[in-house]
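[1] no sequence for this one, just the structure:
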Ligand code: SAM
């Protein structure tokens, strides 16, 4: 995968039609090294890379797969749990109206905010907190992206998902998880689809 190139600034991209091809094009031009302070020489490998504090910047192909599966919409309000480097956050923010993102590690939260501010994003709200029970204040969310692995699906996140909404979350043990797509139907029922087998760092907190 070639994702070399310059980070696209927000201007212009926001107006793009919301098709998968546009997301893929944007993603291919998104400079992953911009989201890393060290080990930049490994930025263009399709691997998760350490970003300090026992955390990783996610594997690019998985970030793209999860983003496409979320089916972002221009008017969508998105909740992200696990800001990390801000790499996934940039993709979410470029193709939705507003992103609320939560990170529990202060240094990662600060750096991600600096980077995304520098890149010109104005539609991202950052919070330093344990996000395992979501961000109730701004619910319901049209889309929820969880970038750390839970032992089970947090009921609070299901409750904060809008009718017709979609959530992506890795669920399983620390060493092996299923990447789940949850869709909330008109009657409130949840349809669950297993998308992939993955290995993410743990979602700390109530669902560890
Ligand atoms: N997608 C991000 C990227 O590409 O940089 C990587 C996210 S990393 C795999 C998972 C992140 O979730 C870490 O930054 C970790 O600190 C954060 N995290 C874990 N548990 C959390 C929690 N309960 N609340 C908020 N953030 C949490």
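    Perfect, thanks for sending it. This one's a predicted model, so the numbers in the text were calculated from it and none came from an experiment.
[2] Provide the contact partners of the longest helix along the chain at residue level.
    Of all segments of type helix in the chain, defined using DSSP state H, the longest is helix 106-118. By C-beta atoms under 8 Å, 6 or more residues apart in numbering, the list of residues contacting helix 106-118 from outside reads 34-35, 37, 51-53, 55, 83-86, 89-90, 93, 101, 103, 124, 126-128. Heads up, the C-betas are built off the backbone N, CA and C, glycines and all.
[3] In three-state terms, how would the residue of the chain positioned farthest from its centre be classified?
    Computed with C-alpha atoms, centre = their mean, the maximum C-alpha offset from the centroid of the chain is found at residue 187, amounting to 26.6 Å. Using DSSP: H, G, I helix; E, B strand; the rest coil, the structure places residue 187 in coil.
[4] go on, the one 5 residues further on?
    For residue 192, the secondary-structure state derived from three-state DSSP is strand.
[5] Who is it paired with across the strands?
    residue 182 (DSSP bridges).
[6] try the one 5 residues further on
    Partner residues in beta bridges with residue 197: residue 178, with DSSP bridges as the criterion.
[7] can you pull out the strands in this protein?
    For the chain, the strands defined by DSSP state E cover 49-52, 55-57, 77-81, 98-103, 124-128, 141-146, 161-172, 177-184, 190-198.
[8] Tell me which of those sits nearest to residue 28.
    Residue 28 lies closest to strand 55-57 among those, at 16.7 Å (C-beta to C-beta).
[9] for the protein, which spans come out with low pLDDT?
    1-18 (pLDDT under 70).
[10] what does the chain put close to the ligand?
    55-58, 63, 81-82, 84-85, 87-88, 102-105, 108, 130-132, 147-148, 200-201, 203-205 (C-beta under 6 Å from any ligand atom).
[11] that older thread, in TSV: the strands of the chain, plus mean neighbour count.
    Below are the strands of the chain laid out as TSV (neighbours: other C-beta atoms under 10 Å):
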stretch	mean neighbour count
strand 49-52	18
strand 55-57	20
strand 77-81	26
strand 98-103	24
strand 124-128	17
strand 141-146	25
strand 161-172	20
strand 177-184	19
strand 190-198	13
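[12] need the ones you listed in JSON lines with distance to residue 117, can you?
    Formatted as JSON lines, those follow (distance: least, C-beta to C-beta, whole Å):
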{"stretch": "strand 49-52", "distance to residue 117": "18"}
{"stretch": "strand 55-57", "distance to residue 117": "18"}
{"stretch": "strand 77-81", "distance to residue 117": "16"}
{"stretch": "strand 98-103", "distance to residue 117": "13"}
{"stretch": "strand 124-128", "distance to residue 117": "9"}
{"stretch": "strand 141-146", "distance to residue 117": "20"}
{"stretch": "strand 161-172", "distance to residue 117": "25"}
{"stretch": "strand 177-184", "distance to residue 117": "30"}
{"stretch": "strand 190-198", "distance to residue 117": "30"}
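[13] Show the buried residues in the residues of the chain next to the ligand.
    55-58, 63, 81-82, 84-85, 87-88, 102-105, 108, 131-132, 147-148, 200-201, 203, 205 (16 or more other C-beta atoms under 10 Å).
[14] returning to that earlier point: the longest helix of the chain relative to strand 124-128, how many degrees between them?
    170 degrees (axes from the mean of the first three to the mean of the last three C-alpha atoms, to 10 degrees).
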